[in-house]
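In: Quick one: sequence and predicted model below, then my questions.
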Amino acid sequence: MKKYMKKIISLLLVGIMVFSLTACGEGGNSDGGENQETDSGEQITLNFWHVWPTGEMADSVNEFIEQYTTEHPNIKIEQTSAMPTDYKSRKLPVAVAGGEQGDIFFTYGAGYSQSFVDSGAVLPLDDYMEKDKTADRLLEGVTENFIYDGKIYGLPLKNWCVVMYCNSELFENNNIEYPETFDDLLDVVDQFNELGITPMALGGKQAVGIELIQNALAVKTAGAEAVTAAQNGTGSFDTPEIAQSAELLVELMEHNAFPDGVLGLDAQEASMDFHTGHAAMFVTGSWEALQCESENSDLNGIVKPIPFPNVEGGKGTSQTSGGSIDCFMISKNTEHPDEAFDFAVKLAEYLSLEAYKIGDSLPAWKVDVDPSEINPVLAEIKDFTDQYDQYALAWDTALIGEAIDTHLTLLQEVLGGVVTPEEFAKQMQEVNEKVLASE
């Protein structure tokens, strides 16, 4: 396996960042297609808000900005950044409410940015993208979650999906086969328990780790189309299939799949459990490939990524949880919309490729890169994701407001036995109806 010369990121940072359901990469076309020339000679300052204060992605951003400002000496880029959890839950919403989110800002599409668009804080990009011929360089379907009332408001950065990461040495040294179905997974869990090895790393304190498992199960039981319909209100969460996804989550708990005291463990501890070899499996996003090849992981070179197991009789056998949700948006109040778009579209394309190469995410833009340059774990992930025909977004980005908080709380309660799987499905539908009715 190829070893990377740069130090990728510490386990502490990855533990925090892993559940953000966010990340980006590098893109190849530094010309940004046929953008209009923006170097007018006027001295311009653009403020760029993002979620990479440090680490490999921060390096990529800084490298691009240095290149861009060299090519556009009249433009200065000022950065404002914060860690993803704080940025998503507090910093960005507060800034948008006050009109202080910068000229270009990282955000998430679908339900998360609905209120930003509705409030008039975001610039529609259709005319800019048509002039730039942006669509010619994007993969099919990656802008779907950034369309509101028929207009495009976001420039996509990446694709992602849920992945089951396996410690290949623990599997192979104990003659345990990788699970293909949920029943296989329960059998694997039992085998590792008999060996005294924690089957699956999980931190339930923030609930997003639980969400990744339950959301993936929901796609497998109900199908991506039904999950998406439930999210947007054209369908329902209160169905036997959605209840089954919570039931299977409870079944994993009953088989002792997770560490003792899982609801008191955080993201950092879950990541450390897996990367120090104390847990055999770890369910998280495709961005974890970056850490799997890091010199900070004890598993460098021995992680085997596999698709999340199918559920017998389920409707989502060729589908999974994931999609394109991370994006750049431009403030409606920017004084320099042409320059802001030019910078944002070029950075989005640049980062899409860069993130793909280091293992942070699957690309949203068309890329032409030597396979030997790609993080080998992510390359394996791309091989099996090419077989998927549909994705459903993670619920905490597809839903809106109170429905997100209720969802995360219910996940902890169902895992802790406070609510039943049927109550989980019913209460999810009730809160989503309430939120959508108030929009």
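Out: Yep, that arrived. Just so it is clear, the model here is predicted, and its values are computed rather than measured.

In: From D86, how far off is T234?
Out: Separation of T234 from D86 (C-beta to C-beta, to the nearest Å): 33 Å. C-betas here are computed from N, CA, C, even on glycine.

In: More neighbours: which of the two?
Out: A count of neighbours by other C-beta atoms under 10 Å puts D86 above the other of T234 and D86, at 12 against 9.

In: and the more buried one, what element?
Out: Assessed by DSSP states H and E, D86 sits inside helix 84-86.

In: distance between the helix or strand just after that helix and the chain's centre?
Out: Downstream of helix 84-86, the first helix or strand assigned by DSSP H and E is helix 92-97. The chain centre lies 21 Å from the centre of helix 92-97; the measure is C-alpha atoms, centre = their mean, to the nearest Å.

In: Show me what counts as buried in helix 92-97.
Out: Of all the residues in helix 92-97, those buried under the rule 16 or more other C-beta atoms under 10 Å are 92-93, 95-96.

In: Likewise for stretch 74-90?
Out: Neighbour counts over stretch 74-90 (16+ other C-beta under 10 Å) mark 75, 77, 79-85, 87-88 as buried.

In: ditto for stretch 366-380
Out: Neighbour-count burial for stretch 366-380 [16+ other C-beta under 10 Å]: 366-367, 374-380.

In: before we move on, back to that, so what secondary structure elements neighbour the helix holding D86?
Out: helix 11-17 (3 or more C-beta pairs under 8 Å, 6 or more residues apart in numbering; DSSP states H and E).

In: Alpha carbons of the following helix or strand past the helix it packs on, in PDB - could you do that?
Out: Next along the chain after helix 11-17, taking DSSP H and E as the criterion, comes strand 44-50. Coordinates of each C-alpha in strand 44-50 appear next as PDB, following Å, rounded to 0.1, in the frame of the first residue of the first chain:
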ATOM      1  CA  ILE A  44     -11.100  43.000  -3.900                       C
ATOM      2  CA  THR A  45     -11.300  41.100  -0.600                       C
ATOM      3  CA  LEU A  46     -13.500  38.000  -0.400                       C
ATOM      4  CA  ASN A  47     -14.200  36.400   2.900                       C
ATOM      5  CA  PHE A  48     -14.400  32.600   2.800                       C
ATOM      6  CA  TRP A  49     -16.000  30.500   5.600                       C
ATOM      7  CA  HIS A  50     -15.200  26.800   6.000                       C
END
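
In: what packs against the helix or strand following strand 44-50?
Out: Going down the chain from strand 44-50, the next helix or strand is helix 56-71, by DSSP H and E. Contact here means 3+ C-beta pairs under 8 Å, 6+ apart; on that basis helix 56-71 packs against strand 75-81, helix 337-358.

In: so which of these is the most packed in?
Out: Among the helices and strands packed on helix 56-71, helix 337-358 has the highest mean neighbour count (mean count of other C-beta atoms under 10 Å), at a mean of 26.
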